[in-house]
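Chemist: need a structure here:
(one chain, ligands or ions: 1)
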Amino acid sequence: MTGEAFFSELASRAVTHEPVRKRVASFVSVDLRLLPRYSREGGFTQPASSRRRPGHAGSWIQRVGAGEPHGTIGRRKSVNVRTFLWFLGQPPLYREMLRRLAWSAVTPRTRRSYRERQKLLSREWCAASVHNPDESSRELGLSGDLPSVAVLHPAAWKNAELAARTCPVRMGGPGAVDLLYHACLHLHAERVVETGVAYGWSSLAILLALEATQQGSLVSIDMPYVLRGNSGQVGCVVPDALRKRWTLVRRPDRDALPKVLQGMTPIDLAHYDSDKSERGRAFGYAMLWSALRPGGWLISDDIHDNLAFRLFSEQVSRKPVVLPGRDGSYVGILKK
Ligand SMILES: C[S@@+](CC[C@H](N)C(=O)[O-])C[C@H]1O[C@@H](n2cnc3c(N)ncnc32)[C@H](O)[C@@H]1O
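Modeler: As a prediction, this is how the structure comes out:
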């Protein structure tokens, strides 16, 4: 038995063993019914009672104690035990678990109002910077009217929609698929790296473009959603026929990016759509940017979430192209 399998076995026994569950629940003062359940077939599943509380699941810190100045809250912190137990059952994510524990110990959690203000400022900046279709085509060197992937590859798209509809877990929404497709063609991309897969819409678009040009490969990095039990479904919209050009690395960005990029620098196109925190973006953008070839593009989804994309573009002294995304979101593009 490998070390990884041994620890996985040990952790799964600990969380299925009822006396252990009871002791843990009473020690951290949570209702036993809130602890995740584990089965060999389905892995960890979140209890129904907690699924109704978005924002709570997956967060490390339960908010305890009085407010603090400067947008931070609560000195007294307690680890969210469901998240902790979930991580214990995922040996490949132990480093991520330790990182998150360390961060939560040293970083005060920011107030919700502070985060909302950051988002508002970022939205204002996105709205002021947004390009109209003509401007963006000119800036990016793309020809005006770009047909969508769904129109160019109707059969592949229909099958993907069916795969997503029948997927037993809900995952994050698609990145800027049409932009990614045409970016690959425009850049004659041979080496593409992306972070964040979920259903795999962006991977599908990139792989369709690589297949159309009969060149290149894509490496996608993804760690599953905490507590959602979706690891078996990651990339479910990508058909087998396209997988020969695809490597899916199931690790957190921080573990995977340095290794992936070491083996394939320089890259033509980078797509960031994983950890949306300021800290996560700062790390991911910097790594991807340093691996891009001159003229390559860094495309980031959901740049309105916080000010990380704006700060990064200032840091590398580039004027980004900002495009409207789905449901009031924004997508940013930086040309190296
Ligand atoms: C919005 S979804 C990606 C959507 C995808 N690009 C598409 O177009 O279908 C975000 C994905 O990133 C993953 N993720 C979040 N934080 C991550 C991290 N630190 N490292 C790697 N993956 C992460 C999530 O689990 C999720 O699968």
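Chemist: Checking my notes, residue 322 in a helix, right?
Modeler: No - membership of residue 322 in a helix is not supported by DSSP: H, G, I helix; E, B strand; the rest coil, which gives strand.
Chemist: can you count the residues close to the residue lying closest to it once chain neighbours are set aside?
Modeler: Spatial nearest neighbour of residue 322, chain neighbours left out: residue 129 (4.3 Å); criterion: CB to CB, 6 or more residues apart in numbering. From N, CA and C alone the C-beta is placed, and that goes for glycine too. By other CB atoms under 10 Å, the residues close to residue 129 number 17.
Chemist: What score does residue 129 have for pLDDT?
Modeler: Note on residue 129: pLDDT of 95.
Chemist: how close does it get to residue 210?
Modeler: Note on residue 129: its distance to residue 210, by CB to CB, to the nearest Å, is 30 Å.
Chemist: again with residue 140
Modeler: 19 Å.
Chemist: higher neighbour count, these two?
Modeler: Between residue 140 and residue 210, counted using other CB under 10 Å, residue 210 has the larger neighbour count: 23 against 19.
Chemist: in which helix or strand would I find that one?
Modeler: helix 201-213 (DSSP states H and E).
Chemist: May I see the buried residues of that helix?
Modeler: 201-211 (16 or more other CB atoms under 10 Å).
Chemist: What parts of the stretch 201-336 of the chain come near the ligand?
Modeler: Contact residues (CB under 6 Å from any ligand atom) of the stretch 201-336 of the chain with the ligand: 201-202, 221-225, 252-253, 273-275, 280.
Chemist: go with 5 Å
Modeler: By CB under 5 Å from any ligand atom, the residues of the stretch 201-336 of the chain that approach the ligand are 201-202, 222-223, 225, 252-253, 273-275.
Chemist: The residues you listed: which two are farthest apart?
Modeler: Largest separation among these by CB to CB: 201 and 252, giving 20.7 Å.
Chemist: domain ranges for this structure?
Modeler: The record's domain parsing of the chain by automatic domain parsing lists 3-110, 132-335.
Chemist: what's the most buried one of the ones you listed?
Modeler: domain 132-335 (a mean of 19; mean count of other CB atoms under 10 Å).
Chemist: Residue 275 contacts residue 287, doesn't it?
Modeler: No - between residue 275 and residue 287 there is no contact under CB atoms under 8 Å: 12.0 Å.
Chemist: intersection of neighbour lists for those two?
Modeler: residue 253 (CB atoms under 8 Å, 6 or more residues apart in numbering).
Chemist: Next, work out how far apart residue 144 and the ligand are.
Modeler: Counting by CB to the nearest ligand atom, to the nearest Å, the separation of residue 144 from the ligand is 24 Å.
Chemist: quick one: secondary structure of that residue?
Modeler: coil.
Chemist: which strands and helices sit next to the helix holding residue 210?
Modeler: Here helix 201-213 touches helix 149-152, helix 154-165, helix 177-186, strand 191-195, strand 217-221, strand 246-249, strand 267-272, going by 3 or more CB pairs under 8 Å, 6 or more residues apart in numbering; DSSP states H and E.
Chemist: And the residue of the stretch 51-200 of the chain that's closest to the ligand?
Modeler: residue 172 (2.9 Å; CB to the nearest ligand atom).
Chemist: Am I right that that residue is in contact with residue 201?
Modeler: No - Residue 172 lies out of contact with residue 201 (CB under 8 Å); the separation is 9.4 Å.
Chemist: Now for residue 334: which residues touch it?
Modeler: 289, 297-298, 300, 312-313, 316, 318, 320-321.
Chemist: Please put the alpha-carbon coordinates of stretch 165-176 into CSV.
Modeler: Written as CSV, here are the backbone C-alpha positions of stretch 165-176 (Å, rounded to 0.1, in the frame of the first residue of the first chain):
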residue,chain,number,x,y,z
ARG,A,165,-27.4,18.2,-17.6
THR,A,166,-27.0,14.6,-16.5
CYS,A,167,-24.1,15.4,-14.2
PRO,A,168,-25.1,14.4,-10.6
VAL,A,169,-23.4,17.4,-9.0
ARG,A,170,-23.7,21.1,-9.8
MET,A,171,-20.4,22.9,-10.5
GLY,A,172,-19.1,26.4,-11.5
GLY,A,173,-20.3,28.2,-14.6
PRO,A,174,-18.3,28.4,-17.9
GLY,A,175,-15.4,30.7,-18.6
ALA,A,176,-15.3,32.9,-21.7
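Chemist: Which is the succeeding secondary structure element to the longest helix seen in the chain?
Modeler: Counting residues, the longest helix in the chain under DSSP state H turns out to be helix 112-129. Later in the chain than helix 112-129, the nearest helix or strand by DSSP H and E is helix 133-140.
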